[in-house]
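Chemist: No sequence on hand, only this structure:
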């Protein structure tokens, strides 16, 4: 399985952000993915093994991470999350964290580390109103 570095993930997200006008409702067309594959292959040759498969998996995982961090940032989570140090779990709140992670498995990596791609993913996601009066 391919594992992308934070730099490679960032390059993918930056390239997609530069082509955001070609997305409809947060989904890119096949032609954009081909252009992205060519760009990534030129700049990061070892990354491009079954690019489409791994890029989609990477984007899916990054979206899961984005939503996990969004939950951690919300008042409802009860944690003091920050983008550099994550949820900052210590011995004092480790039991609460363990309970939280049982219900929110995607939050596990953010115990004591942040999510560097939060703003990039937020830019790529389509805006959808939420709430009772939307």
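Modeler: Noted; the coordinates are in hand. Computed from a prediction, not measured in an experiment: that's the story for all the values here.
Chemist: Where do the strands of this protein begin and end?
Modeler: Under the criterion DSSP state E, the chain contains strands at 23-24, 27-28.
Chemist: ok, and what's touching stretch 78-94?
Modeler: With C-beta atoms under 8 Å, 6 or more residues apart in numbering as the test, stretch 78-94 has contacts from 69, 72-73, 77, 96-97, 100, 107, 110-116, 118. Using the backbone N, CA and C atoms, a C-beta is placed for each residue, glycine as well.
Chemist: and the least confident of those?
Modeler: The lowest pLDDT within those belongs to residue 77, with 66.
Chemist: would a markdown table of the strands of the chain with distance to residue 122 be doable?
Modeler: Listed next are the strands of the chain as a markdown table, based on distance: least, C-beta to C-beta, whole Å:
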| stretch | distance to residue 122 |
| --- | --- |
| strand 23-24 | 14 |
| strand 27-28 | 16 |
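Chemist: Next, format those strands as a markdown table and append mean pLDDT.
Modeler: Output for these, formatted as a markdown table (pLDDT from 0 to 100):
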| stretch | mean pLDDT |
| --- | --- |
| strand 23-24 | 76 |
| strand 27-28 | 80 |
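Chemist: Export these as JSON lines, with columns for mean neighbour count and distance to residue 91.
Modeler: Shown next, in JSON lines, are those (neighbours: other C-beta atoms under 10 Å; distance: least, C-beta to C-beta, whole Å):
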{"stretch": "strand 23-24", "mean neighbour count": "12", "distance to residue 91": "44"}
{"stretch": "strand 27-28", "mean neighbour count": "13", "distance to residue 91": "44"}
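Chemist: So which other helices or strands are in contact with the worst-scoring helix or strand of the chain on mean pLDDT?
Modeler: When the helices and strands of the chain are scored by mean pLDDT, DSSP states H and E, strand 23-24 comes last with a mean of 76. Secondary-structure packing of strand 23-24 (3 or more C-beta pairs under 8 Å, 6 or more residues apart in numbering; DSSP states H and E): no helix or strand packs against it.
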